[in-house]
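> the following block contains a protein sequence and its predicted model.
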Amino acid sequence: MRKFSKEIRKVVIKVGSSSITHDNGKINLQKIDELCYEIANLKNRGIDVILVSSGAIAAGRAKLNLKERPRETSDKQAAAAVGQVALTNIYDRSLISYGYNSAQILLTRQIEKDDEMRINAKNTFEKLQGMNAIPIINENDTISTYEIKFGDNDTLSAVIARITEADLLIMLTDIEGLYTDDPRKNSEAKIIREVKDISNVEGMAKETKSNVGTGGMFTKIKAAKLAMEKNIEVVIASGENMKIIRDIVKGEEIGTYFKC
């Protein structure tokens, strides 16, 4: 069993598009419902949860019957505008069934540079946590430009963990954790269960993109580094089964643990 450096009272959970969509790109309703169940159960235990969820563009693509992921910026922004509504409604229906409300928060990178904006966001998170509401965060794709864009929700999740002073950041992805090489291409690749010095693994990951999302292990390591700078521990694990969340918080040796 793992022993975290401090008691886990606040968790930021990041889910990528691939964790909440089917192979055809459409939203996986069962996976979202399972995720909401795990979040609600953590809240019932007295652990505050903030969710950073990708999937707006994927949801918009499905709703607009687009055959491929949009490539032009304006097409992505339009798909995100449609998809964000659909995605939030799905989360809201599931959370309500477990006794909680959802709160949608869309951010840009300005939150890192603007002190007033950052303080306002932190205050909002704190109020929501006392109001039976789960903050669900995504990048504001519709208005984001290169200068104010996070570019991936891994980075966004680390920034949110820092702002809210979370104890643990969980990033769920489509593989079990950080490997010595890409396990989908190299059968000899071995999973790394614990990282204490992140400089030892910074050069190991390659940047990847899938048909439904952006960001691979490269962005997750960068995000882990951001979190660890503020003494926030990180676990990267597979989002194949959402029950993994309870096991991670319990201290099971799952995925890759970035220990402060």
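Perfect, thanks for sending it.

> show me how far stretch 222-233 is from its chain's centre.
Centre-to-centre, stretch 222-233 and its host chain are 14 Å apart (CA atoms, centre = their mean, to the nearest Å).

> now the terminal residues of it, how far apart.
From its first residue to its last, stretch 222-233 covers 13 Å (CA to CA, to the nearest Å).

> please identify the buried residues of that stretch?
By 16 or more other CB atoms under 10 Å, the buried positions in stretch 222-233 come out as 222, 223, 224, 225, 226, 227, 228, 232, 233. C-beta coordinates here come from the backbone N, C-alpha and C atoms, glycine included.

> same thing with stretch 92-106?
In stretch 92-106, counting by 16+ other CB under 10 Å, buried: 92, 94, 95, 98, 100, 102, 103, 104, 105, 106.

> any idea of the mean pLDDT for the host helix or strand of the third one?
If I follow you right, that is residue 95. Secondary-structure assignment from DSSP states H and E places residue 95 in helix 73-97. Computed over helix 73-97, the mean pLDDT rounds to 91.

> repeat for stretch 7-23
94.

> residue 60: how many residues sit nearby?
The number of residues packed near residue 60 is 25, by other CB atoms under 10 Å.

> find the nearest non-adjacent residue to it, please.
Spatially, and ignoring its direct neighbours in sequence, residue 60 is nearest to residue 83 (2.8 Å; CB to CB, 6 or more residues apart in numbering).

> quick check: bridge partners of the residue most central in space within the chain?
By CA atoms, centre = their mean, the chain has its centre lying nearest to residue 14, at 1.4 Å. Beta-bridge partners for residue 14, by DSSP bridges, are residue 52, residue 171.

> contacting residues around it?
Listed by CB atoms under 8 Å, 6 or more residues apart in numbering, the contact set of residue 14 reads 51, 52, 53, 153, 154, 156, 157, 169, 170, 171, 172.

> got it, and residue 229?
Residue 229 is in contact with residue 162, counting by CB under 8 Å, 6+ apart.

> distance-wise, check it relative to residue 202.
Noted for residue 229: a distance of 13 Å to residue 202, by CB to CB, to the nearest Å.

> one more: residue 165?
25 Å.

> hmm, what's the outermost residue in this structure?
No residue in the chain sits farther from the centre than residue 188, which is 28.3 Å out by CA atoms, centre = their mean.

> distance from stretch 32-40 to the middle of the chain?
With CA atoms, centre = their mean as the basis, stretch 32-40 stands 14 Å off its chain's centre.

> confidence score at residue 50?
Residue 50 carries a pLDDT value of 98.

> tell me the contacts of it?
So residue 50 contacts 10, 11, 12, 13, 125, 134, 135, 137, 160, 164, 166 (CB under 8 Å, 6+ apart).

> state the helix or strand in which it lies.
Under the criterion of DSSP H and E, residue 50 resides in strand 48-53.

> and residue 11, helix, strand or coil?
The three-state label given to residue 11 by DSSP: H, G, I helix; E, B strand; the rest coil is strand.

> isn't it up against residue 51?
No: between residue 11 and residue 51 no contact is recorded; they are 9.4 Å apart, counting by CB atoms under 8 Å.
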